[in-house]
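[1] I'll drop the sequence and a predicted model, then ask my questions.
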Amino acid sequence: MSLFTVSEIIDGDTFKVKNGWRGDNKIGDTVCPTGYNTPEEGEWGHEEAKEKLIKPDS
């Protein structure tokens, strides 16, 4: 598994990584881990989910 530096938190289950990623013949800079599904922007709970990803111990 590769190590990445998170450059931006989009929401509670989506973030961007610095210098992108490459794998399975694909490249990109956005990561959406499987098995997680949080409210999207504009939905109830979105801000709380985003804050939890930014500061997991809060």
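    Yep, it's here.

[2] report the rounded mean pLDDT for stretch 33-43.
    Confidence for stretch 33-43, expressed as mean pLDDT, is 91.

[3] residue contacts, the residue of the chain positioned farthest from its centre?
    No residue in the chain sits farther from the centre than N25, which is 20.6 Å out by Cα atoms, centre = their mean. For N25, no contacting residues are found, by Cβ atoms under 8 Å, 6 or more residues apart in numbering. C-betas here are computed from N, CA, C, even on glycine.

[4] okay, it: pLDDT?
    91.

[5] repeat that for F4.
    pLDDT, F4: 85.

[6] contacts only, for it.
    So F4 contacts V17, K18, N19, W21, V31 (Cβ under 8 Å, 6+ apart).

[7] in a strand, R22, correct?
    Yes. Assigned with DSSP: H, G, I helix; E, B strand; the rest coil, R22 falls within a strand.

[8] G28 versus that one, what's the distance?
    Separation of R22 from G28 (Cβ to Cβ, to the nearest Å): 8 Å.

[9] what's around G12, how many residues?
    21 (other Cβ atoms under 10 Å).

[10] what about the strands in the chain?
    Per DSSP state E, the chain carries strands over the ranges 6-11, 14-23, 26-31.

[11] returning to that earlier point: by neighbours, which of the contacts of F4 wins?
    Of these, with other Cβ under 10 Å as the count, V17 tops at 17 neighbours.

[12] quick check: the gap between it and Y36.
    Distance from V17 to Y36, by Cβ to Cβ: 16 Å.

[13] G42 now?
    18 Å.

[14] cool, and E43?
    15 Å.

[15] so G42 and Y36 - more neighbours on which side?
    Y36 (11 against 6).

[16] next, the contact list for the nearest residue to the more buried one once chain neighbours are set aside, please.
    Nearest residue to Y36, sequence neighbours excluded (Cβ to Cβ, 6 or more residues apart in numbering): D13, at 4.1 Å. Residues in contact with D13 (Cβ under 8 Å, 6+ apart) are C32, P33, Y36, N37, T38, A49, L53.
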